[in-house]
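> Predicted model and sequence follow; I will ask about them next.
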Amino acid sequence: MKILITGSTGMVGRNLVETLKNNTGHRLLTPTHKDLDLINQEATQTYFKAHKPDIIFHCASKVGGIQANLDEPVDFLLTNMMISMNVIHAALEAGVERFLNLGSSCMYPRDREILREEDILTGKLEPTNEGYAIAKNAAACLCRYISNEYGLAYRTVIPPNLYGPYDHFDLVNSHLLPAVILKLHLAKLKGEKIVKIWGDGQARREFLYIADLIDFLVVMLNRIEELPNMINVGVGEDYTIDEYYEMTAKVIGYQGAFEHDFSKPVGMRKKLMDISHVKKFGWQAKIPLDEGLKNTYHYFLKIID
Ligand SMILES: NC(=O)c1ccc[n+]([C@@H]2O[C@H](COP(=O)([O-])OP(=O)(O)OC[C@H]3O[C@@H](n4cnc5c(N)ncnc54)[C@H](OP(=O)(O)O)[C@@H]3O)[C@@H](O)[C@H]2O)c1
């Protein structure tokens, strides 16, 4: 099968390429941002028509933390909208029949604690990443319209926060887990006795280990037609922020204490994916949090050397 992966140098893209390379018999097309700027409509259409992939995994996106989203809302909306509209349209124009679009849990209305696919576009989005979420919702809509109007398999997979190899470790811009790994690693090195946790530590969050998401994508390679227009691919289990700190501390060997900084924002109390649809496909996440954390820390130690 000829498989095109956009965003092949990113966290999802790299893990997917590594797995598919070992899954023999496929020909992979992995143009980087440098090779093909997906904002460029003409270049994108020319590339897709020239290569005519059997399936596209669309993993390219401008991704960033809350601060980056707040600082550059114009770019987050414009860039993500342009990339996705171009990529999905070019795929349709090139006659690509199967398309897997990567969505994100930020597509959901901000006031839901349990995220069910049918709740998408039924409420206000989180204002701190509204532009990004609008672009993600627009991409999912376009895929759904194409599926319905042309009878093609253009589907959107919605993961929660991801963690694992090729993640981005940064104290300000990372997601919670990679930031906690970096913070506790530095605290251990400096011998700090206390690490501060923002808020009361009781908000609950869900994290999916990247290998689990890749496993789902690879399983679906030959079953994409069976998928509904949008599907949550989550763990179905969440932990408090305090628990993430405690488990990460155990993995890293940080023996200091934690203190809560109640002056800092907590965010939503809970955000957990409903996974009843994905379960019907006989799929469920396999990697337990402690194992995923160990693997991620192992990767982190390799790249900071
Ligand atoms: N990571 C998560 O926790 C998470 C959670 C839920 C959903 N997702 C979704 O999963 C997808 C992949 O995320 P990720 O974490 O792998 O992101 P990432 O690590 O930031 O990778 C993004 C990729 O997109 C490429 N890209 C950006 N702008 C481009 C352009 N104009 N033309 C061509 N390529 C471009 C980047 O290349 P350069 O770096 O060279 O610009 C990079 O390869 C995204 O749709 C994201 O919303 C991610």
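Here it is on my side, so go on. Residues are numbered from 1 along each chain as shown.
> hmm, which helix or strand of the protein has the shakiest average pLDDT?
Lowest on mean pLDDT, DSSP states H and E among the helices and strands of the chain sits helix 66-71, with a mean of 84.
> who's residue 232 bridged to?
When bridges are called by DSSP bridges, residue 232 pairs up with residue 158.
> Determine whether the claim that residue 195 is in a strand is correct.
Yes. Membership of residue 195 in a strand is supported by DSSP: H, G, I helix; E, B strand; the rest coil.
> Phi and psi next, for the residue of the stretch 151-300 of the chain found nearest the ligand.
Of all residues in the stretch 151-300 of the chain, residue 162 sits closest to the ligand, at 3.6 Å by C-beta to the nearest ligand atom. Every residue, glycine included, has its C-beta placed from N, CA and C. Per-residue torsions, residue 162: phi -110, psi 160 (degrees, to the nearest 10).
> returning to that earlier point: list the buried residues of the least confident helix or strand of the chain.
68, 69 (16 or more other C-beta atoms under 10 Å).
> and what of stretch 186-199?
187, 188, 195, 197, 198, 199.
> What residue spans form the domains of the chain?
According to automatic domain parsing, the chain comprises the domains 2-162+207-232, 165-205+237-271+288-304.
> State the pLDDT value of the residue of the stretch 151-300 of the chain closest to the ligand.
pLDDT for residue 162: 96.
> so it bridges to which residues?
In beta-bridge terms (that is, DSSP bridges), residue 162 pairs with residue 208.
> what's the spacing between it and residue 303?
According to C-beta to C-beta, to the nearest Å, residue 162 stands 17 Å off from residue 303.
> neighbour-wise, which of the two wins?
residue 162 (21 against 10; other C-beta atoms under 10 Å).
> was I right about residue 234 contacting residue 161?
No. With contact defined as C-beta atoms under 8 Å, residue 234 does not count as touching residue 161 (9.6 Å).
> What is the burial count for residue 26?
Residue 26, neighbours per other C-beta under 10 Å, totals 14.
> Next up, the contacts around it.
Residues in contact with residue 26 (C-beta atoms under 8 Å, 6 or more residues apart in numbering) are 1, 2, 3, 20.
> List the buried residues for the helix or strand hosting the third one?
Secondary structure from DSSP states H and E places residue 3 in strand 2-6. Judged by neighbour count (16+ other C-beta under 10 Å), strand 2-6 contains these buried residues: 3, 4, 5, 6.
> List just the nearest of those residues to residue 294.
Residue 294 lies nearest to residue 5 out of the buried residues of strand 2-6, by C-beta to C-beta, at 27.1 Å.
> So in terms of bridging, what pairs with that closest one?
residue 57.
> mind checking how far it is from residue 208?
Distance from residue 5 to residue 208, by C-beta to C-beta: 19 Å.
> picking that back up, among the contacts of residue 26, list the two that are farthest apart in space.
2 and 20 (11.5 Å).
> Quick one: end-to-end distance for stretch 63-75.
Start-to-end span of stretch 63-75 (C-alpha to C-alpha, to the nearest Å) is 11 Å.
> wait, I meant stretch 55-66
Criterion C-alpha to C-alpha; first-to-last residue distance in stretch 55-66 is 32 Å.
> And the ligand, is the least confident helix or strand of the chain touching that?
No. Helix 66-71 is not in contact with the ligand by C-beta under 6 Å from any ligand atom; minimum separation 10.8 Å.
> which of the domains of the chain sits most buried?
Among those, domain 2-162+207-232 has the highest mean neighbour count (mean count of other C-beta atoms under 10 Å), at a mean of 18.
> What lies in contact with stretch 116-135?
62, 64, 66, 69-70, 73-74, 76-78, 80-81, 84, 104, 106-112, 137, 140-141, 158, 228, 230-232, 274, 277.
> residue contacts, the nearest residue to residue 8 once chain neighbours are set aside?
Take residue 8 and drop its neighbours on the chain: the residue closest to it by C-beta to C-beta, 6 or more residues apart in numbering is residue 30, 3.7 Å away. Residue 30 makes contact with 4, 5, 8, 13, 17 under the criterion C-beta under 8 Å, 6+ apart.
> List just the nearest of the residues you listed to the ligand.
Using C-beta to the nearest ligand atom, those come closest to the ligand at residue 13, 5.3 Å.
> My read is that residue 256 contacts residue 187, right?
Yes. Between residue 256 and residue 187 there is a contact under C-beta under 8 Å: 6.2 Å.
> okay, and the common contacts of the two?
With C-beta under 8 Å, 6+ apart, residue 256 and residue 187 have common neighbours residue 195.
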